[in-house]
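> just the structure for this:
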Amino acid sequence: MPRTRGNAEGTIDQKRRVSVPARFSDIYPQGEEIVLWEPQGKEQPYLVLSLDEYFDEMFEREYAQSEKQGRQNLLRDAYGHVEYVELDSARRFVIPERYREKAGFDRGDKLFFLANRTYMEIWPLAVWRLWESNRRADTSRFDYTPDPARPIPQETSDDIPS
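Okay, here's the model as predicted:
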């Protein structure tokens, strides 16, 4: 399966269906079981769309790293909040009502899709923008903008191995 990265925007239609953005259609081959998962946690206001095999891999990795006490909660949080969805011929699916309510999705809402190698996060666009704005207020590890107060080190002949 291709590992996809990037993002796209979409909308929930009047029948409360969501279309997988065309640029990510290669993530979800026709006929595969698609898992819609509601992550548990107050800082996770999104849904995750994954192939069944990758959901199992993520879960097994977390389970192996959990202490014995936390494994039962992990089982409940993972498998108790999973729904299988089917893509129609137009690559649309319906988000179950309980997930729409928790995530705050409704008809006509704009969505943000974030492809993350083997799964995709689906956010309400307004929530994503707020979350990303707050996150970017801290320095990102991928922020390579030069700091004008600190000059960029210049290479000297002493830095070059002979």
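
> what about the strands in the chain?
Taking DSSP state E as the criterion, the chain carries its strands at 4-11, 17-19, 34-37, 47-51, 82-85, 92-94, 110-117, 119-124.

> please save the CA atoms from the last one in PDB.
Looking back up the chat, that one is strand 119-124. Output in PDB follows, covering the C-alpha atoms of strand 119-124 (Å, rounded to 0.1, in the frame of the first residue of the first chain):
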ATOM      1  CA  TYR A 119      -4.000   6.500   7.900                       C
ATOM      2  CA  MET A 120      -5.900   9.800   7.600                       C
ATOM      3  CA  GLU A 121      -7.100  12.200  10.300                       C
ATOM      4  CA  ILE A 122     -10.400  14.000   9.600                       C
ATOM      5  CA  TRP A 123     -10.800  17.300  11.400                       C
ATOM      6  CA  PRO A 124     -13.500  20.000  11.400                       C
END
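
> neighbouring strands - and their directions - for it?
For strand 119-124, the pairing partners within the sheet under DSSP bridges are strand 47-51 (antiparallel), strand 110-117 (antiparallel).

> please save the CA atoms from the longest one in PDB.
What follows is the C-alpha trace of strand 110-117 in PDB, where atoms were taken according to Å, rounded to 0.1, in the frame of the first residue of the first chain:
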ATOM      1  CA  LYS A 110     -15.800  22.100   5.900                       C
ATOM      2  CA  LEU A 111     -13.300  19.300   6.800                       C
ATOM      3  CA  PHE A 112      -9.600  19.000   6.900                       C
ATOM      4  CA  PHE A 113      -7.900  15.700   5.900                       C
ATOM      5  CA  LEU A 114      -4.400  15.000   7.000                       C
ATOM      6  CA  ALA A 115      -2.800  12.000   5.500                       C
ATOM      7  CA  ASN A 116      -0.300  10.500   7.800                       C
ATOM      8  CA  ARG A 117       1.500   7.600   5.900                       C
END
